[in-house]
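In: need a structure here:
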Amino acid sequence: LSLKQSRGENIKGFDLEKCLQKEGLLERTMSLEDDLVKGWLADPSSYPEKFRGKAVFLWKSQKTSGDNRSVAYLMWGRDRAVVYWHWLDYWWLDNCHVLLASS
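Out: This is a model prediction of the structure:
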């Protein structure tokens, strides 16, 4: 979570991306192509309990539609992790966690 999020405040996705870049964390983010994430999607029993009920963002998986950009995220539902997309122009709440690879 960003500092604003950890205080219970919302942050725009573009601002959160800037925070991740400034802190040098963007290169540690994960994507839908990471083996660990692929494993979670293939085998729901491997999805960590601590992530269930949270939006887990995969910043290295982005797509553009027109002038808008979105980031992939995982949510637990119906006994499996489901991939959704969140616009960077929207507000990000304190339940929007960035998934970082261990350093």
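In: CA atoms for contacts and neighbours, from now on please.
Out: Noted.
In: just the C-alphas of the helix ranked longest in the chain, formatted as PDB.
Out: Within the chain, and with DSSP state H defining each element, the longest helix by residue count is helix 13-22. Extracted in PDB, the C-alpha atoms of helix 13-22 (Å, rounded to 0.1, in the frame of the first residue of the first chain):
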ATOM      1  CA  GLY A  13      -3.900   4.900 -10.100                       C
ATOM      2  CA  PHE A  14      -1.500   7.200 -12.000                       C
ATOM      3  CA  ASP A  15      -0.300   8.700  -8.700                       C
ATOM      4  CA  LEU A  16       0.200   5.300  -7.300                       C
ATOM      5  CA  GLU A  17       2.200   4.300 -10.300                       C
ATOM      6  CA  LYS A  18       4.400   7.400  -9.800                       C
ATOM      7  CA  CYS A  19       4.900   6.400  -6.100                       C
ATOM      8  CA  LEU A  20       6.000   2.900  -7.200                       C
ATOM      9  CA  GLN A  21       8.500   4.300  -9.700                       C
ATOM     10  CA  LYS A  22       9.800   6.900  -7.200                       C
END
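In: next SSE after it?
Out: helix 35-42 (DSSP states H and E).
In: quick one: distance of that following helix to the chain centre.
Out: With Cα atoms, centre = their mean, to the nearest Å as the basis, helix 35-42 stands 15 Å off its chain's centre.
In: list of residues touching the helix or strand following that helix?
Out: Counting by DSSP H and E, the next helix or strand C-terminal to helix 35-42 is strand 55-65. Residues outside strand 55-65 that contact it (Cα atoms under 8 Å, 6 or more residues apart in numbering): 26, 29-32, 69-75, 95-99.
In: the residues you listed, buried ones only, as a PyMOL selection?
Out: Command for PyMOL that selects the buried part of those, burial taken from 16 or more other Cα atoms under 10 Å:
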select buried, resi 26+29+30+31+32+69+70+71+72+73+74+75+96+97+98+99
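In: from the contacts of strand 55-65, which land in helices?
Out: Per DSSP H, helices hold no members of the contacts of strand 55-65.
In: mean confidence score for stretch 43-53?
Out: Mean pLDDT, stretch 43-53: 94.
In: hmm, I typed the wrong one, I wanted stretch 20-39.
Out: 92.
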